Structure formats: C-alpha cells, structure tokens
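> Here is my input, please return the structure:
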Amino acid sequence: MSPLVSDYLVYLVQLAAGKRAAMESGLARQRVADLAPWIDLRRPRRILDLGNGSLRPQYGLLRAAGHQVVGIDLVNRPARGWKPAAYGALRRAFAAHAGIGATAMAADGLLCGDVSRLPFADASFDLVVSSAAFEHFLDVPAVLAETRRVLRPEGMLWVGIHLFTCPSGGHNVSFTQYPLRSLPRGVEPWDHLRGQRRPFTVPLNRWRKHQYLEAFAREFEVLRYYCGTREGEEWLTPALEAELSAYSRDELTCANLVIVARKRPLSTSLNARQRAAVPTPAGLLGVPA
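Numbers count the residues shown, from 1 in each chain. A predicted model of the protein is given here:
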C-alpha cells in the first residue's frame, strides 16, 4: 500500500507496541456507542464483517465480545508462504495487545468471496460492519444491494470509509499515520487530486462523500453520518483551497466518513428506496454531518 519500504518496518513496530490494537479497540468502542440507540451489542448478534482484511482486527474484536461473526474478503483464500506466516504472527501480537485471545482471530468464520455477490440467504444478519474497505469496492451499488438483502428487516449497518478526497485518500502515502500528520519528502498535499505524481498501489473507486450518501440512502434509512477523523487542515492554505475549489473543505479534510444506517421494514422498503434522497443534517437526529 505504500511506496515507502520504511513504512512496513514502522507498521511492525506499531503492532509490537500495541498501537494498532489500541486504535482498533477504540474504533470498536466508537461503533458500539454509535449503534446504541438502535441495537444493543451487549447481547450476542449475528454480524457480517465486509472486507475484514488480512489482519482482521474488527472480526477478532467482535468475536471476542461474544458475537457470531462471519468475515468475507478476497484475502481470505488459503495460502502458504512467508506472507501468510507473517500475518499469523502479526495477528497473534494484535490479539495479545487487545487482550482478546488468539482463538478470536481464528479463520473458522472467514470466507473468501466477492462482497458484491454475497453467498448468504436473505435476512441472515442482525448487523453488517465494514471498516476502511468500501473505498476499495469497485461496484458500491451492488455491494449495498447485497448488504440490504442479507440484513434482516430493521437490521443495522455501520460503515467507516477512508475518503478518497482526504490527503491520504490515494493510499499512496504513509499508512502508518492515522490521521496523516506528515508527508514523504517532495510530496505535495493532495497530490492524488492534483498532479498525481505518485502512483496508486491498490484498487480505489475514487467516490466522494455525496456519492456514498446518495447510494446508501437509496438502499437504507441513513440514521447518522459524521466525520470520525480529520487530517490535513494545517496544509489547506487559502491558495490550495482555491485550487481545489471543486471539493468542499469538509471532504478535503475528512479521513473517515462514518455512516450508520438501518434496513427498512419489508412493507416500506420498496417505496422508500424509490423516493430516497440524501438526508439533511437536520434530519439526522440533530447530529451535524
């Protein structure tokens, strides 16, 4: 994900020191708080983790909390060699620092599959979660339609999206900083929206905030959305803001867009999807976007 070899060494140090475990545990607590008005996660739930990733941190934390969790990602295919072995060691270190036990990270709940064609029956899950994965899904409408299908009526969806429009949104600068606080030497902020001198190293759909909100509103009742993490405000000079005037200051600095949504009851879902529009902040329980 990064052109900098040094980033991988820093990543190992961060995992060994427990920094990644602390960050992911904080994210899990944030999700519980976000969902509390609509679903009590103190009770065991059936949960789908979309795009769980090779480290599978949220999958492990949810399992350790007593939930029945299924993770689906193309990285879940069986493999041998140094890389799977290395990730196994990293997962053990993560589990130790997160205090969840190695069994929570076991692969027995993982499937290798396409998130736009989910291999589950209708209404299979109480909750679908996804963290830093939607930006890599190249057919977002298909993923959302499938997500709606596999959720039970009034089931919940919690998604954190690494927005393309933020300074680190091109996934071509350091992935060891979250939020991004420094840039590699010679790299200008928002290069991926300007000169694009640095190559992209992973698939990205390049969607903007309004595109996600519109797509989610077509399939779900959007209950809340907010920026969970900001970055780059110190680099956004008046001159640079003028150059990037096609983007709002909000989307240029929002590194993590969080969307909380609910599947509509079956009796209302079709009509509601046909007339769906992006909710205004005033309609989101008084929570600003």
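
> Can you show me the strands along the stretch 151-289 of the chain?
Under the criterion DSSP state E, counting those that start in this stretch, the stretch 151-289 of the chain contains strands at 151-161, 221-230, 254-262.

> need the contact list for the closest residue to Ala93 other than its chain neighbours.
Leaving out its chain neighbours, the residue that sits closest to Ala93 by C-beta to C-beta, 6 or more residues apart in numbering is Leu15, at 5.3 Å. Every residue, glycine included, has its C-beta placed from N, CA and C. Leu15 is in contact with 21, 90, 93-94, 97, counting by C-beta atoms under 8 Å, 6 or more residues apart in numbering.

> got a winner among the residues you listed for most neighbours?
The most crowded member of these, judged by other C-beta atoms under 10 Å, is Phe94 (26 neighbours).

> moving C-terminal of the helix or strand where that one lies, what's the next helix or strand?
Following DSSP states H and E, one finds Phe94 within helix 82-98. Helices and strands here follow DSSP H and E; after helix 82-98, the next one along the chain is strand 110-111.

> so what does that next one touch, helix or strand wise?
Packing partners of strand 110-111 (3 or more C-beta pairs under 8 Å, 6 or more residues apart in numbering; DSSP states H and E): strand 68-72.

> So which bits of the strand it packs on are buried?
69-72 (16 or more other C-beta atoms under 10 Å).

> Show me where this protein has its helices.
5-17, 19-35, 57-64, 82-98, 140-150, 209-219, 238-243, 249-253, 266-274 (DSSP state H).

> and the angle for the third one with helix 82-98?
Going back to what we said before, that points to helix 57-64. 50 degrees (axes from the mean of the first three to the mean of the last three C-alpha atoms, to 10 degrees).

> State the mean pLDDT of helix 57-64.
The average pLDDT for helix 57-64 rounds to 98.

> How about the shortest one?
Per-residue pLDDT over helix 249-253 has a mean of 98.

> again with the first one
Model confidence over helix 5-17 averages 77 on the pLDDT scale.

> for the last one, same thing?
Predicted confidence along helix 266-274 averages 59 (mean pLDDT).

> same question, the fifth one
Model confidence over helix 140-150, given as mean pLDDT, is 98.

> Against which helices or strands is that helix packed?
Against helix 140-150 (3+ C-beta pairs under 8 Å, 6+ apart) you get strand 46-50, strand 125-131, helix 209-219.

> let's see 10 Å
Using 3 or more C-beta pairs under 10 Å, 6 or more residues apart in numbering; DSSP states H and E, the elements in contact with helix 140-150 are strand 46-50, strand 125-131, strand 151-161, helix 209-219, strand 254-262, helix 266-274.

> Helix 140-150 and the fifth one, what's the angle between them?
What it means is strand 254-262. 40 degrees.

> Next, the angle helix 209-219 makes with strand 254-262.
Using the same axes, to 10 degrees: strand 254-262 against helix 209-219 is 10 degrees.

> wait, what's in contact with the residue sitting furthest away from the middle of the chain?
Residue farthest from the centre of the chain, counting by C-alpha atoms, centre = their mean, is Ala239 at 31.1 Å. Residues in contact with Ala239 (C-beta atoms under 10 Å, 6 or more residues apart in numbering): none are found.

> so of the helices of the chain, which one's packed in deepest?
Most buried of the helices of the chain, by mean neighbour count (mean count of other C-beta atoms under 10 Å): helix 57-64, with a mean of 25.

> Render the CA-only coordinates of it in PDB, please.
Extracted in PDB, the C-alpha atoms of helix 57-64 (Å, rounded to 0.1, in the frame of the first residue of the first chain):
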ATOM      1  CA  PRO A  57      -8.900  -6.800  13.700                       C
ATOM      2  CA  GLN A  58     -12.600  -5.900  13.900                       C
ATOM      3  CA  TYR A  59     -13.600  -9.500  13.200                       C
ATOM      4  CA  GLY A  60     -11.500 -10.600  16.100                       C
ATOM      5  CA  LEU A  61     -12.800  -7.900  18.500                       C
ATOM      6  CA  LEU A  62     -16.400  -8.700  17.600                       C
ATOM      7  CA  ARG A  63     -15.900 -12.400  18.200                       C
ATOM      8  CA  ALA A  64     -14.200 -11.700  21.500                       C
END
